[in-house]
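K.L.:
Mind looking at a prediction? Sequence and model below.
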Amino acid sequence: MPGEGRGLGPWHFDAHAEIYDRARPDYPAALWKRLWEFGLLRCGVRVVELGAGTGLATGPMLQAGAAVTAVEPGQGLAGRLQRRWPEASVIIDRAETAPLPSAAFDLAVAATAIHWFDLDVVLPRIHRALVTDGHFAVWRHVFGDPSAVATPFRQRIAEIVARRGDLTPPRRPADFDTEAWVRRLTGSGHFVAAHVERFSWTIELSADQIHDLFTTFSDWTAAEVDEAARAVHTLGGHILEHYVTPLIILKRAAAPGTATT
Ligand SMILES: C[S@@+](CC[C@H](N)C(=O)[O-])C[C@H]1O[C@@H](n2cnc3c(N)ncnc32)[C@H](O)[C@@H]1O
């Protein structure tokens, strides 16, 4: 039945915390370099990271010398993050309700998490939590670069997805529609766009790695994940995936609706 096994929503990640931890690929080095070049990530900078998961983005920020407050509602994910990165301040809560002090952070970050937030609630909260000249950096992995050549594996994935039929379409912009995300994130006037960039990258994955990675996707059922992994086997055991990580850097507006770029 279409949609079966797809019911956990944002709790999907916590239910698969161990697999999530080993399966999700790192963010591109070029993205970290860009944040450093813009002076957003440097020693002593105070970061609040929303939807931090197991700390895939938290770790490199701590290693760059930032002080990171990591907000994560999943107990299992947050526990893993805290064990691996004891220097992070972890708040087990949602972005909509986490107690955040006012004007306490230079940078807010959402790494592959923005699509889970109620932005009408969260954007004003981030605006309050940031210092006057603070920034909000939003990025995410898009697993399957729509602008890349369609590989045989991606054709198999498209067939699996097409079989789902009439699942309720998402209410948010599509993963790869970065311009729509920029409009969504700036529409309330709390933030203005400062920089938008896409980092394209490739990764070779085995059938087991595909099985782990696709298990972490909240909209994939166990049967679909098995089918994706079988497809890798039939294609020789390893496949090359083309992924893209769009980065949106937003600058805090002086007051909603008053800032200019
Ligand atoms: C795809 S994971 C990304 C985790 C991590 N940032 C990373 O880069 O690997 C999405 C994360 O958002 C968290 N999340 C979902 N809804 C949330 C909310 N309302 N507030 C804060 N975090 C949320 C999930 O628990 C999960 O850890």
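P.N.:
Perfect, I can see it now.
K.L.:
Run through the residues of the protein sitting next to the ligand.
P.N.:
10, 13-14, 24, 50-53, 56-57, 71-74, 77, 94-96, 111-113, 116-117 (Cβ under 6 Å from any ligand atom). Yep, even glycine has a C-beta here, placed from its N, CA and C like the rest.
K.L.:
Now list the buried members of those residues.
P.N.:
In the residues of the chain next to the ligand, burial by neighbour count holds for 13-14, 24, 50-53, 56-57, 71-74, 77, 94-96, 111-113, 116-117, counting by 16 or more other Cβ atoms under 10 Å.
K.L.:
can you give me the offset of the host helix or strand of Phe136 from its chain's centre?
P.N.:
In this structure, Phe136 sits in strand 130-139 according to DSSP states H and E. For strand 130-139, the separation from the chain centroid amounts to 16 Å (computed by Cα atoms, centre = their mean, to the nearest Å).
K.L.:
Counting by contacts, list what that strand packs against.
P.N.:
strand 105-111, helix 178-186, strand 238-252 (3 or more Cβ pairs under 8 Å, 6 or more residues apart in numbering; DSSP states H and E).
K.L.:
Nearest to the ligand: which residue in the protein?
P.N.:
Gly53 (2.5 Å; Cβ to the nearest ligand atom).
K.L.:
Wait, a helix at that residue?
P.N.:
No. With DSSP: H, G, I helix; E, B strand; the rest coil as the criterion, Gly53 is located in coil rather than a helix.
K.L.:
And it, how close does it get to Phe143?
P.N.:
As for Gly53, its distance to Phe143 is 15 Å (criterion: Cβ to Cβ, to the nearest Å).
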